[in-house]
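Trainee: how would this look folded up:
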Amino acid sequence: MEIDILTIVGPTASGKTGRAVDLAEAFKGEIISGDSRQVYRGMDLGTGKDLEEYGEVPYHMIDICDAGEKYNLHRYLRDFREAYGVITSKGRLPILCGGTGMYVESALSGIVLPDVPENKELRESLSGKTLDELTTILKGYKNLHNVTDVDSVKRAIRAIEIESYYASNREEAVKADRRVSTPMNSLIIGVDIPREHRRARITERLDRRLGQGMVDEVRTLIDSGVEPEDLIYYGLEYKYLTLHVTGRLSYDEMRGQLEIAIHQFAKRQMTWFRGMEKRGFKIHWLPYDLPKDEFIAEVKSLMDEYK
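Mentor: Down below sits the predicted model:
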């Protein structure tokens, strides 16, 4: 049985995009981004889109909504299915590439998330509660595998809203349960990079993007009408750059805190991918510095095993 989709995962700065492009060129594929922030227009340097890497390879799920919007997993899965259909209708190979583990795993799991409406009464009852209090409430609904659910008050309230909806709409909740969903048949390739090499590449890339104008990118977004708090909501680069631009952090404070945050983020990514393996997803890890031809040959050999 041939694979439905080829998937490339790995931590930030591991070179996933370049590897996905190499495979797309080799196997007549098109790339679907598995990144939760590259969907936003105008957020280029901070999200590491590196669009020049794609060359002539078509890509999907990048620059599909305005900065300031609250894109979410529900919308991602809907847009993912649409992109997947477009690619397969042309007889080409879909290649999912990204480091947002929750998005990638959910897409491969085949789950379908229902539309969860806003619950004004619930939101009013939660208004004024601290993040710690909201976290405790959310833990009453589920085990917190995804810490991004509670990295801000807004996110925590929305997570509680969703879980409350599922609790009172069990038929809808079943659709979101991977235990009863039909997973995609995917070959998953992990880009394996030693911790010390990853850290060095993160630092080098951060300084390069700062030099390319990442601070000015945030200023431009704010000048265009995007609220600073909305940028802070996106986390990582946009959180710390916005705190600097709005005068709450000096440049050196911003750079130092951001570097630490990115290193921590990369560690959390690897924790997620290891969790995926425990949850039944086989990831074939290949060295990040494997020569291009050898990398393609390794993947082709693995793909042939599926036939």
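Trainee: so what's the spatially most central residue of the chain scoring on pLDDT?
Mentor: For the chain, the residue nearest the mean C-alpha position is Thr100 (2.4 Å; CA atoms, centre = their mean). Looking at Thr100, its pLDDT stands at 95.
Trainee: I figured it hits Thr47, correct?
Mentor: No. If you go by CB atoms under 8 Å, Thr100 and Thr47 don't touch, sitting 10.7 Å apart. The way it works is simple: take the backbone N, C-alpha and C, and place the C-beta from them, glycine included.
Trainee: who touches both of the two?
Mentor: Asp35 (CB atoms under 8 Å, 6 or more residues apart in numbering).
Trainee: Give me the residues contacting the longest strand along the chain.
Mentor: The longest strand of the chain (DSSP state E) is strand 186-192. Residues from elsewhere that reach strand 186-192 (CB under 8 Å, 6+ apart): 3-11, 14-16, 19, 96, 108, 273, 281-288, 299, 302-303, 306.
Trainee: 7 Å instead?
Mentor: Contacts to strand 186-192, defined as CB atoms under 7 Å, 6 or more residues apart in numbering, come from residues 3-10, 14-16, 19, 108, 273, 281-288, 299, 302-303, 306.
Trainee: so of these, which ones are in helices?
Mentor: Within the contacts of strand 186-192, residues falling in helices by DSSP state H are Lys16, Arg19, Leu108, Phe273, Val299, Leu302, Met303.
Trainee: Would you convert these into JSON lines that also reports pLDDT and distance to Asn119?
Mentor: What follows is these, written out as JSON lines (pLDDT from 0 to 100; distance: CB to CB, whole Å):
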{"residue": "Lys16", "pLDDT": "96", "distance to Asn119": "37"}
{"residue": "Arg19", "pLDDT": "98", "distance to Asn119": "42"}
{"residue": "Leu108", "pLDDT": "97", "distance to Asn119": "30"}
{"residue": "Phe273", "pLDDT": "97", "distance to Asn119": "33"}
{"residue": "Val299", "pLDDT": "98", "distance to Asn119": "45"}
{"residue": "Leu302", "pLDDT": "97", "distance to Asn119": "46"}
{"residue": "Met303", "pLDDT": "95", "distance to Asn119": "45"}
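Trainee: farthest pair in these?
Mentor: Phe273 and Met303 (20.2 Å; CB to CB).
Trainee: So for the two, which sits in the more crowded spot?
Mentor: The neighbour comparison of Phe273 against Met303 (other CB atoms under 10 Å) goes to Phe273, with 21 against 17.
Trainee: can you give me the helices for this protein?
Mentor: Using DSSP H, helices in the chain cover 16-27, 73-89, 101-109, 120-126, 131-139, 153-168, 170-175, 195-212, 214-223, 228-233, 236-245, 251-278, 292-305.
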